[in-house]
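In: structure here, sequence nowhere to be found:
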Ligand code: ARG
């Protein structure tokens with residue numbers, strides 16, 4: 001049996017969460033949002049991580065930034081090097097500096113992006129490479145920028161279905177997402193593992209995925225359309241939408257432990273568990289010296 005590893009996450013309480021603009025097909029201004037429910041679902045998500053032994057830090061939510069709860073978009077951190085987000089839409093622009101300031105204040109080495117990218121929404125660590133989405137939000141030029149910053153290969157993947165506008169809505173890295181484990185492991189032969197929804201990708205990108213991950217779990221449409229793939233894995237436990245039942249069954253069969261957490265109210269903004277979770281990989285220069 002594989003073991004999950006302790007993770008370090010950054011989250012943002014949805015104090016000011018609402019749907020006041022529409023920048024993805026999930027958002028509908030005419031539908032009422034229950035902010036108190038969003039907060040209690042978010043607390044359950046945070047408590048779930050704590051119960052699994054992970055560390056959760058929080059950033060102060062800011063009024064007027066209702067999407068700030070989607071911390072995954074705030075930046076991407078690999079080897080303690082923070083690559084800032086630069087948002088596509090004006091409505092979210094102020095989130096980039098807010099998250100970058102949090103990291104700078106906490107002693108991290110930060111890099112201000114020159115190219116549009118929406119953090120871990122589109123940049124997912126998979127072993128020693130980074131899978132990078134484009135098509136709706138993040139620009140390809142940002143993939144190159146990130147590759148140079150971290151000295152890692154970045155594999156560009158093109159998204160084609162507007163419901164799956166960020167890579168993390170269509171693909172989850174189940175194993176090998178901690179930035180340290182360069183799988184496959186020589187002793188066990190266990191490699192990076194992903195699950196994804198093929199129709200979300202262009203034909204060329206599907207080929208790339210099939211070649212890189214021949215054993216990947218291919219998700220059903222029913223699981224994809226409830227953002228079941230917007231899940232958070234520590235290598236064993238996969239925190240995910242309990243409504244993605246085929247996916248949960250498939251993951252159990254593969255040896256994972258799915259942990260259902262209902263984030264239905266946050267789905268009104270177009271996000272699930274992963275969107276609310278920014279993984280901090282590596283330590284600050286301060287911690288490294290200490
Ligand atoms: N309303 C937000 C947007 O459209 C949702 C972001 C979800 N985050 C994610 N990592 N997919 O930008």
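Out: Received, thanks. Just so you know, these numbers come straight off a predicted model, no measurement behind them.

In: which non-adjacent residue is nearest residue 86?
Out: Nearest residue to residue 86, sequence neighbours excluded (Cβ to Cβ, 6 or more residues apart in numbering): residue 113, at 4.4 Å. C-beta here means a position set from N, CA and C on the backbone, and glycine is covered the same way.

In: what about that neighbour, neighbour count?
Out: 22 (other Cβ atoms under 10 Å).

In: so residue 88 touches residue 137, yeah?
Out: Yes - counting by Cβ atoms under 8 Å, residue 88 does reach residue 137; the two are 4.8 Å apart.

In: any residues in contact with both of these two?
Out: The contact sets of residue 88 and residue 137 overlap at 116, 118 (Cβ atoms under 8 Å, 6 or more residues apart in numbering).

In: the residue nearest to residue 86 belongs to a helix?
Out: No - applying DSSP: H, G, I helix; E, B strand; the rest coil, one finds residue 113 to be coil, outside a helix.

In: residues contacting it?
Out: Neighbour list for residue 113: 83-86, 96, 142, 145 [criterion: Cβ under 8 Å, 6+ apart].

In: ok, now residue 69?
Out: Neighbours of residue 69 in contact, by Cβ under 8 Å, 6+ apart: 12-14, 17, 38, 42, 61, 266, 269, 271, 276.

In: ok, residue 250 next?
Out: Contacts of residue 250 by Cβ under 8 Å, 6+ apart are 195, 217.

In: which parts of whatever helix or strand it lives in are buried?
Out: Assigned by DSSP states H and E, residue 250 belongs to helix 245-253. Going by neighbour count (16 or more other Cβ atoms under 10 Å), the buried part of helix 245-253 is 245, 247-248, 250-251.

In: farthest pair in the residues you listed?
Out: 245 and 251 (10.7 Å; Cβ to Cβ).

In: one step back: redo the contacts of residue 69 as a markdown table? Include neighbour count, distance to residue 167 and pLDDT.
Out: Formatted as a markdown table, the contacts of residue 69 follow (neighbours: other Cβ atoms under 10 Å; distance: Cβ to Cβ, whole Å; pLDDT from 0 to 100):
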| residue | neighbour count | distance to residue 167 | pLDDT |
| --- | --- | --- | --- |
| 12 | 27 | 20 | 98 |
| 13 | 18 | 25 | 98 |
| 14 | 28 | 22 | 98 |
| 17 | 27 | 22 | 98 |
| 38 | 25 | 24 | 98 |
| 42 | 23 | 22 | 98 |
| 61 | 16 | 24 | 98 |
| 266 | 25 | 18 | 98 |
| 269 | 22 | 17 | 98 |
| 271 | 28 | 13 | 97 |
| 276 | 28 | 16 | 98 |
